[in-house]
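Novice: Okay, predicted coordinates and the sequence, questions at the end:
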Amino acid sequence: MYTIVAASQKGGSGKTTLSGHLAVEAARAGTGEIALIDTDPQGSLAAWWNARTAPTPRFVKAGLPDLEEALAALDRAGVKIAVIDTPPAITQSISRVVAHADLVIVPTRPSPHDLRAVGATVDIAERHGKPVIFVINAATARARITSESAVALSQHGTVAPVTIHHRVDFSASMIDGRTVGEVVPNSASAKEISDLWVYIQDRLSRIVRDPALLPDIKLNHLSINSLLAPTDENAAAEVAAKAAEIVAEAAEAPPYEGQERRVLERRVVGEVRIPERRAFGRRGSDILIHPAAQWIYK
Ligand SMILES: Nc1ncnc2c1ncn2[C@@H]1O[C@H](COP(=O)(O)OP(=O)(O)O)[C@@H](O)[C@H]1O
Ligand SMILES: [Mg+2]
């Protein structure tokens, strides 16, 4: 069983929203048996689950002392992925949950307060040697601060190439125990969540080196595809074949008919004399090249 932990010291960044949405999306996408674990004493996810009628994903409310046991029981029951929601701002308890993670997701709102708070969460993950993915959540469409936040976050680690925007769908859908994919399946919000899950599933499969976990769907965003290195031999062969195709195409291209650009290159022929005399007030960089230095065309 693999474990994804949603953590951030900042309350309201979207841990509960994204845990619930990603777990439901994972189950819907057929990733396997999914369990959702609420370790936040406030129990917002538990309240959401209580209002939910669908049987998937499984749900467990676990305190820190019984988390390990809960994870072992889910593993025995054949659960493939456990998604764990954590409480905000309690460093010690977050740290104990992160210790079980294969991947830590850090939802971050594009705001100075949220950005300032990520350092502490990253420190916890680093102390445990756990990979982190930042997910920009509740972004305003076309706001400059979103891209600025992505750049700021990228200084600390990987930023998911899928941004979750601020939409009432996200909070409204959770009122009766559902998610955007279940309430408004064709919406932009639902698309963001399904894209985000494909990306996270892909990352997770590479982190835990389990090709069986690779998603069937490939995202068409160039920014995502071009960055993902192939994990298995077939995929590597596919990439090599594509590369060979591109080279063959280039070889078949008609020769360039236009005027050739000549590159001006300076070749030093003979000895270069660096003057010993340094006139007063002159810099050492005022080096004279021997007249034998020639300009030639290559
Ligand atoms: N993308 C979003 N668009 C609109 N509202 C959101 C979004 N993400 C979270 N929210 C709302 O923000 C509030 C805090 O989110 P929540 O997931 O509970 O944060 P956390 O668990 O990190 O404290 C909730 O009311 C939630 O419905
Ligand atoms: Mg929460």
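Specialist: That came through fine. Ligands and ions are numbered 1, 2, ... in the order given.

Novice: And for the closest residue to Ile175 other than its chain neighbours, the neighbour number?
Specialist: Distances taken as Cβ to Cβ, 6 or more residues apart in numbering place Ala51 nearest to Ile175, at 7.3 Å, with adjacent residues excluded. (Each C-beta comes from the backbone N, C-alpha and C, glycine too.) As a burial measure, Ala51 scores 11 neighbours (other Cβ atoms under 10 Å).

Novice: Hmm, Phe59 and Ala51 touching each other?
Specialist: No: taking Cβ atoms under 8 Å as the definition, Ala51 is not a contact partner of Phe59, at 11.6 Å.

Novice: Flag the shaky bits of the stretch 151-298 of the chain, pLDDT-wise.
Specialist: Residues of the stretch 151-298 of the chain meeting the criterion pLDDT under 70: 219-236, 238-240, 242-243, 246-247, 250, 253-298.

Novice: for it, what spans make up the strands?
Specialist: Under the criterion DSSP state E, counting those that start in this stretch, the stretch 151-298 of the chain contains strands at 158-159, 264-267, 294-297.

Novice: helix or strand for the residue in the stretch 1-150 of the chain positioned nearest to ligand 2, which one?
Specialist: The nearest approach of the stretch 1-150 of the chain to ligand 2 comes at Thr16, 3.3 Å away (Cβ to the ion). Thr16 belongs to helix 15-28 when assigned by DSSP states H and E.

Novice: Contacts only, for Ala51.
Specialist: Neighbouring residues of Ala51 by Cβ atoms under 8 Å, 6 or more residues apart in numbering: Ile175, Asp176, Gly177.

Novice: For those residues, which entry has the maximal number of neighbours?
Specialist: Going by other Cβ under 10 Å, Gly177 tops the contacts of Ala51 with 17 neighbours.

Novice: check contacts around the closest residue to Ile34 other than its chain neighbours.
Specialist: Nearest non-adjacent residue to Ile34, counting by Cβ to Cβ, 6+ apart: Pro57, 3.8 Å away. By Cβ under 8 Å, 6+ apart, the contact set of Pro57 is Ala23, Val24, Ala26, Ala27, Glu33, Ile34, Ala35, Leu36, Val83.

Novice: any idea how far ligand 1 is from Pro57?
Specialist: 17 Å (Cβ to the nearest ligand atom, to the nearest Å).

Novice: Number the chain from 405, please
Specialist: Okay, using 405 as the starting number, the last item reads as Pro461.

Novice: roughly how far apart are that residue and Val409?
Specialist: Counting by Cβ to Cβ, to the nearest Å, the gap from Pro461 to Val409 is 15 Å.

Novice: burial count for the residue of the stretch 455-604 of the chain found nearest ligand 1?
Specialist: Among the residues of the stretch 455-604 of the chain, Ser575 lies closest to ligand 1, at 3.0 Å counting by Cβ to the nearest ligand atom. Ser575 has 12 neighbouring residues, counting by other Cβ under 10 Å.

Novice: For it, give me its contacts.
Specialist: Thr421.

Novice: May I have the phi/psi pair for Ile540?
Specialist: phi -70, psi 120 (degrees, to the nearest 10).

Novice: That one touches Ile568, doesn't it?
Specialist: Yes: counting by Cβ under 8 Å, Ile568 is a contact partner of Ile540 at 6.9 Å.

Novice: now the helices for the stretch 405-554 of the chain?
Specialist: Counting by DSSP state H, counting those that start in this stretch, the stretch 405-554 of the chain has these helices, from start to end: 419-432, 448-454, 471-480, 495-502, 516-531, 548-558.

Novice: contacting residues around the fourth one?
Specialist: Helix 495-502 has contacts (Cβ under 8 Å, 6+ apart) with 409, 411, 413, 443, 468, 471, 488, 490-491, 508, 524-525, 528-529, 531-532, 534.

Novice: which ones are touching Gly578?
Specialist: Just to correct that, residue 578 is Met rather than Gly. For Met578, the contacting residues are Thr421, Gly424, Trp452, by Cβ under 8 Å, 6+ apart.

Novice: what about the last one, how many neighbours?
Specialist: When counting by other Cβ under 10 Å, one arrives at 24 neighbours for Trp452.

Novice: Confirm for me that it is in contact with Gly424.
Specialist: Yes: at 5.8 Å, Trp452 and Gly424 qualify as touching, with contact defined as Cβ under 8 Å.
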